[in-house]
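Peer 1: with the input below, show me the fold.
(chains A, B and C)
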Amino acid sequence: MTDPAPAIELQGISKSFGPVQANKDISLRVMPGTIHGIIGENGAGKSTLMSILYGFYAADKGDIWIKGEKRQIPDSQAAIKAGIGMVFQHFKLVQNFTVLENVILGAEDGGLLRPSLAKARGVLKSLAEEYELSVDPDMQVQHLSVGHQQRVEILKALYRQADILILDEPTGVLTPAEADHLFRILDNLRAEGKTIILITHKLREIMEITDTVSVMRRGEMTATVKTAQTTPEELAELMVGRKVLLRVDKAPAQPKGAALEVRDLRHVDTSGVERLRGVSFDLHAGEVLGIAGVAGNGQSELLEVLGGYADATGSVTLNGSALPLSGAGCDGMARRAAGIGHVPEDRQSEGLIMPYSAWENSVFGYHRDPMWQSGLLMKNAAIREDAAGKMERFDVRPPNPDLAAKNFSGGNQQKIVLAREIERNPDVLLIGQPTRGVDIGAIEFIHQQIVRLRDAGKAILLVSVELDEIFALSDRIGVMFDGRLMGIRDAAAADQRELGLLMAGVGEDEGQDPMAAAEAAERERERREATHG
Amino acid sequence: MTVMKSLLGASAALALSAAAAIADPALIYDLGGKFDKSFNEAAFNGAQRWADETGGSYRDIELQSEAQREQALRRFAEAGFNPVITTGFSMSTPIANVAGDYPDTKFVTIDGYVDPEEHENVKSILFAEEQGSYLVGMLAAMASESNTVSFVGGMDIPLIRAFACGYAQGAKSVSDDIEVIVNMTGTTPAAWNDPVKGSELTNAQISQGSDVVFAAAGGTGIGVLQTAADEDILSIGVDSNQNYLHPGQVLTSMLKRVDVAVYDAMQAGPDLETGVETLALADDGVGYALDENNEELITEEMKTAVDEARQQIIDGEIEVHDYRSDDSCPAISF
Amino acid sequence: MDKLPPWADAVLVPLISLLLAAALSALVILGIGENPVEAFRLMVEGALLRSAGWGYTLYYATNFIFTGLAVSVAFHARLFNIGGEGQATLGGLGVAIVCLYLPWPHWTLAMLGASVAAALFGAAWAFIPAYLQAKRGSHIVITTIMFNFIAAALLNYLLVNVMKPAGQQDPATDIFPAATHLPTFQDMFATEANPLFRGAPGNVTFFLAIAACVAIWALIWRTRLGYEIRALGHSESAARYAGISPVKTIVVAMLISGGLAGLMGVNTAMGEAERLVMNATEGAGFIGIAVALMGRNHPVGVFLAAILFGFLYQGGAELALWTNIPRELIVVIQALVILFTGALDNAVRMPLARVFAMRRKPAE
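Peer 2: Okay, the predicted model is just below:
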């Protein structure tokens, strides 16, 4: 039996940026017709390696072989010629061009567009049928959903006759349904003999779709194994370098009285859409109430309203006293003073000021507290000292309070936020997406902190789109769909299938269209991108 | 050679302290700049004529900022230049501030006024612009067929209003019911150098019926005269003789003999007589221009009428009201 | 993206930019047949080697410190205040009103009163664009620049129709009463034997400007308000999360910015002219943008950049006095410095970053 030549073979690739060695002597073989996963924590060197392969960086050392031929890849044109296509995490599409125009951009056949467009239309049609890659070719990209934009990127690569596709964290921006569709597309591509490299840090995706998986840690390739012969636990250990608990050990909850009573909460956003449509629940001291749901069904707005920076109607009572839901006295600072801490969903755009140092961030939102004031000035030295303590207790690495927030990894950023909110000892803690973009090692620590806080008798409202996380942490679970809370179950009694149906809007209420959930998610994502873009 | 000369001059000037005996005259232009084809350029022409005729040399500076006014005065005085001649009324206050520190230097403020009782070494040269404007106003009214004439001023300040007021009085002395349209280009010094705006204003005035336009607006006037020529109406220049700009289409120019004032001051040198001098029609300090470029436009009849009025003003039989005397004008309202 | 070490960012980049601007200026001067070395010597001698030259340099620098600080405070909240011109104009108006219509026993009190008035008037002029930005989203660049024109027109109207003494040509107020005249450097430092700063307009307001630098440094990096202004500037969504009101913070930052620009009026109207003239600001509001940019929005940087621009202004005046370099070319030279230190900042920074990156590699 003769092995076919590997689609890609890397030998001894090294690359450093200043003092940082991003890739150390990396060797890798990717066999044709397979899906090869590359997994590793943030900053492990995955993206650098792929950028070398795609001609963005030149390796300091090492050789690249494509389909048995040794190649120099000085730029992306050379990579495309070698049959490599890349789908970036952040798409590189011209927003006000149509799909067709984007596909031929840079690959036009001549000075006149018409023949190229006609040819591309034909190619697109056959690709769409072959791989479930259907996109309206005449639609402007800016009107497409994120999932469809990603398909355009894949089409672009295929149109350039790529038979090796690199996808960098492709599911980071997708809804679960979109992610499922993407995996079907990848499956089809593999069946047609294409080679796919999938870069991710999500173990579940690796287990679900790859044939082979390579693990990177701190710039080195620590292992390459057949997916069928490994387990998530083993991969996690290879990634982090030590044993990792993927489950959370916790004692049963000891809930007490209701800390937060929420009644008929309604919120209308700036474009006039009602995002919360009468949400009511009780949150007890000493419990974690998990709110599951597809992103964009009102969870973000629920956190913003409770956090004090979105207006609402209805009533919210904290330990018996009503909180204002609009106007004076309704802002983040007032809520913190009342005893509600908040770890926001998006730590980079809300929870932290990225250019601020860790110590400046350590009081963000509490900076008006009289304990940090001396006359007109802030007690910067005292804040800095306090921050150093917090960073030590929450194992923030590096424990340097002068370092800007943007220079910490996602997990350590999240620990800075957590330390700030938890150490103020709030009665109620709102937590959104606590482990989004956080590496596995830090996830474990963050989950432990949440449980510890619960055991200390605090009330915790946990919002997450990761159903696994909801199950791992919650004592009770509610599902949000289209601005409503679809019913709260005891975590012990809930099963994943039932919650999945609730997330799609099927269940309690009169039968709703399951597509509405996905559409709501789309709208949400577009709104977010518009505001952050 | 000129480089070396000016450098040597500069070094010398720096080396010498007060009262060195260079005794060349110096000339300071106002913020409008040397080549405005009008007021400052007239001063430059006078200085240049003096230099050409006498072989003498002088130094000049175009100001860039308010604070440089005093600075230039002091630096020239310290370096021994005498007299120090300035154009523009804005120089009078700075001169009043520094004159006392340099008693041996003579200062000249053209268009400005410094109290001679307080500062004996200052000469103030003023012009009776209202008289010259009166004459061109008469000419405008006589040349107009639509019985509508107009005025484009530069920056809206009393001096320019005095021009407009004299012009309106002259026009109304010819035709009691004539319409005089008055527009100012702007309220900032930029109004002295905005030919595009001048052109727009002229077009607007033409659409209101004007067929003679008088521009008292520095560099902005270039646009006024150009548009008048393009639209085939008559225009009137200011300060310098601008008849040559569009021969046959510029009715006349209201002359303000800044060049003569500068020439005379340079000629007098350090022995310049100080005090206040108002140059009026009688001194030929103001007047209207008549040359080969506009001789066909000014009929014998017009010339007779204007010359007669000129004599009457000199004799005091006609009193032309000066807007600046009481900030009001009997002929038009602003 | 390779990063520069902080010292290179703060010192080397501006220095190289300046050298490039100087080199280009030298070519321009050569092009019109003058000697650039002599021209530079004239500038240095006239601006830095005579005490009166320093008197002018520091006078201009005082203006630029105020407007530079004004731009940088607003910029910390990511607001681009290009209305320094108009705010300074109004500041001058405030000074004039206080000096002319209130009786002052001594210049110290007068200066205090005039400073308060200047800051209030400047701040009031900044308030409307600030409010429109905060509440209505009207872009502050557009509104502030429009307000410059309105300020100029307003001042012109007031000077010509209200404040000008009867019979005076010049659209300017009367001279302020003697009790409000500020001591110049000459008054403060000149002695019989050593007539320093003779006739130069530099005055006690310079020390007010230095105090403003210190105060703004403390405000931005040591107070709660500065913390909130910078936070809002970096991320509005985070500010909302923390409970910082964007509307309030935008308005307050702009009020401070406008007040600083207004304070320039103390220097021009009270310190130099001793009356209010038209167009006393002379573009200092715009120079403030270049000063803030070059000074990296830090008071120390603003101070140094303001001195540099003061030198350019005074040196330019000396060039105009003693050479035949036309004034337009002097403006070109000043513009080249602004171009290189401001707009073309990255043209220097990026190649420099590459050099540093290359030097770093062999070191390992």
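Peer 1: anything in whichever strand or helix holds B:Lys123 near chain C?
Peer 2: According to DSSP states H and E, B:Lys123 maps onto strand B:122-127. No: Strand B:122-127 is not in contact with chain C by C-beta under 8 Å from any C-beta of the partner chain; minimum separation 9.2 Å. Where C-beta positions appear, they are placed from N, C-alpha and C, glycine not excepted.
Peer 1: packing partners for that strand?
Peer 2: Applying 3 or more C-beta pairs under 8 Å, 6 or more residues apart in numbering or on different chains; DSSP states H and E, one finds that strand B:122-127 contacts helix B:92-98, strand B:107-110, helix B:258-268, strand B:275-279.
Peer 1: list the strands paired with the shortest one, with their directions.
Peer 2: Spelled out, it's strand B:107-110. Here strand B:107-110 is paired, per DSSP bridges, with strand B:84-87 (parallel), strand B:122-127 (parallel).
Peer 1: need the winner for burial among these.
Peer 2: When the strands paired with strand B:107-110 are scored by mean count of other C-beta atoms under 10 Å in any protein chain shown, the highest mean neighbour count falls to strand B:84-87 (a mean of 28).
Peer 1: low-confidence ranges, chain C, go.
Peer 2: Applying pLDDT under 70 to chain C flags residues C:1-3, C:167, C:169, C:360-364.
Peer 1: over to chain A?
Peer 2: A:1-3, A:19, A:42, A:172-173, A:175-176, A:244-246, A:507-533.
Peer 1: outline the domain layout of it.
Peer 2: A:8-240, A:258-351+A:426-532 (automatic domain parsing).
Peer 1: among those domains, which is nearest chain C?
Peer 2: domain A:258-351+A:426-532 (3.1 Å; C-beta to the nearest C-beta).
Peer 1: picking up where we left off before, hmm, who's touching the strand holding B:Lys123?
Peer 2: By C-beta atoms under 8 Å, 6 or more residues apart in numbering or on different chains, the surrounding residues in contact with strand B:122-127 are B:83, B:92, B:95-96, B:99, B:106-114, B:116, B:256-257, B:261, B:265, B:272-280, B:285-286.
Peer 1: now do stretch A:115-128
Peer 2: Residues from elsewhere that reach stretch A:115-128 (C-beta under 8 Å, 6+ apart): A:99-101, A:103-104, A:107-110, A:133-135, A:137, A:155, A:158-159.
Peer 1: quick revisit: return the most buried member of the helices and strands packed on strand B:122-127.
Peer 2: Taking mean count of other C-beta under 10 Å, strand B:107-110 is the most buried of these, at a mean of 29.
Peer 1: C:Trp326 and B:Glu62 touch, don't they?
Peer 2: Check again: residue C:326 is Pro, not Trp. Yes: between C:Pro326 and B:Glu62 there is a contact under C-beta atoms under 8 Å: 7.3 Å.
Peer 1: neighbour-wise, which of those two wins?
Peer 2: For C:Pro326 versus B:Glu62, neighbours defined as other C-beta atoms under 10 Å in any protein chain shown are more numerous around B:Glu62 (21 against 16).
Peer 1: for that one, which non-adjacent residue is closest in space?
Peer 2: Excluding the flanking residues, the one nearest B:Glu62 by C-beta to C-beta, 6 or more residues apart in numbering or on different chains is C:Arg327, at 4.4 Å.
Peer 1: what is the neighbour count of the one you found?
Peer 2: 19.
Peer 1: before we move on, what about A:Pro370?
Peer 2: By other C-beta under 10 Å, the burial measure for A:Pro370, its neighbour count, is 6.
Peer 1: equivalent analysis for A:Gln448, please.
Peer 2: Residues near A:Gln448, counting by other C-beta under 10 Å, number 14.
Peer 1: quickly find the element holding it.
Peer 2: Judged by DSSP H and E, A:Gln448 forms part of helix A:440-455.
Peer 1: got the contact list for that helix?
Peer 2: Identification of contacts with helix A:440-455 by C-beta under 8 Å, 6+ apart yields A:41, A:201, A:203, A:236, A:239-240, A:242, A:244-245, A:248, A:250-251, A:253-254, A:286-288, A:394-395, A:409-412, A:414-415, A:418, A:422, A:429, A:431, A:434-435, A:438, A:460, A:462, A:469, A:472-473, A:475.
Peer 1: what about the helices in the stretch 201-350 of chain C?
Peer 2: C:205-222, C:224-234, C:236-242, C:246-265, C:284-294, C:299-322, C:327-338, C:345-363 (DSSP state H, counting those that start in this stretch).
Peer 1: ok, the stretch 201-350 of chain A next?
Peer 2: Along the stretch 201-350 of chain A, counting by DSSP H, counting those that start in this stretch, helices occupy A:203-209, A:232-240, A:299-307, A:332-338.
Peer 1: again, but for chain B
Peer 2: B:2-15, B:39-54, B:68-78, B:92-98, B:129-143, B:158-174, B:195-207, B:220-230, B:258-268, B:300-315, B:323-326 (DSSP state H).
Peer 1: between the ones you listed, which one is closest to chain C.
Peer 2: When the helices of chain B are compared by C-beta to the nearest C-beta, helix B:2-15 sits nearest chain C, at 3.6 Å.
Peer 1: that older thread, take the strands paired with strand B:107-110 and write them to TSV, including mean pLDDT and distance to A:Ile13.
Peer 2: Shown next, in TSV, are those (pLDDT from 0 to 100; distance: least, C-beta to C-beta, whole Å):
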stretch	mean pLDDT	distance to A:Ile13
strand B:84-87	95	76
strand B:122-127	94	84
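Peer 1: make JSON lines out of those and add distance to A:Val279.
Peer 2: JSON lines is the format used below for these (distance: least, C-beta to C-beta, whole Å):
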{"stretch": "strand B:84-87", "distance to A:Val279": "78"}
{"stretch": "strand B:122-127", "distance to A:Val279": "83"}
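Peer 1: tell me the spacing between the residue of the stretch 1-150 of chain A found nearest chain B and A:Gly307.
Peer 2: Ranked by C-beta to the nearest C-beta, the top residue of the stretch 1-150 of chain A for proximity to chain B is A:Asn96, at 35.9 Å. Noted for A:Asn96: a distance of 36 Å to A:Gly307, by C-beta to C-beta, to the nearest Å.
Peer 1: more crowded one of those two?
Peer 2: A:Gly307 (25 against 10).
Peer 1: what sits against that one?
Peer 2: A:Gly307 touches A:Gly332, A:Arg335, A:Ile340, A:His342, A:Pro344, A:Leu430, C:Tyr241, counting by C-beta under 8 Å, 6+ apart.
Peer 1: which other residues reach stretch A:396-415?
Peer 2: Stretch A:396-415 is contacted from outside by A:41-43, A:343, A:347-348, A:351-359, A:361-362, A:384, A:387-388, A:390-392, A:394-395, A:416, A:419, A:434-435, A:437-439, A:441-443, A:445-446, using C-beta under 8 Å, 6+ apart.
Peer 1: list the buried residues of it.
Peer 2: Buried positions in stretch A:396-415, judged by neighbour count with 16 or more other C-beta atoms under 10 Å in any protein chain shown: A:396, A:399, A:401, A:403, A:405, A:408-415.
Peer 1: just send the residues you listed back as JSON lines, with secondary structure too.
Peer 2: JSON lines is the format used below for the buried residues of stretch A:396-415 (DSSP: H, G, I helix; E, B strand; the rest coil):
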{"residue": "A:Val396", "secondary structure": "coil"}
{"residue": "A:Pro399", "secondary structure": "coil"}
{"residue": "A:Pro401", "secondary structure": "coil"}
{"residue": "A:Leu403", "secondary structure": "coil"}
{"residue": "A:Ala405", "secondary structure": "helix"}
{"residue": "A:Phe408", "secondary structure": "coil"}
{"residue": "A:Ser409", "secondary structure": "coil"}
{"residue": "A:Gly410", "secondary structure": "helix"}
{"residue": "A:Gly411", "secondary structure": "helix"}
{"residue": "A:Asn412", "secondary structure": "helix"}
{"residue": "A:Gln413", "secondary structure": "helix"}
{"residue": "A:Gln414", "secondary structure": "helix"}
{"residue": "A:Lys415", "secondary structure": "helix"}
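Peer 1: pick out the most distant pair among those.
Peer 2: Spanning the widest gap among the buried residues of stretch A:396-415 are A:Pro401 and A:Gly410, at 18.6 Å by C-beta to C-beta.
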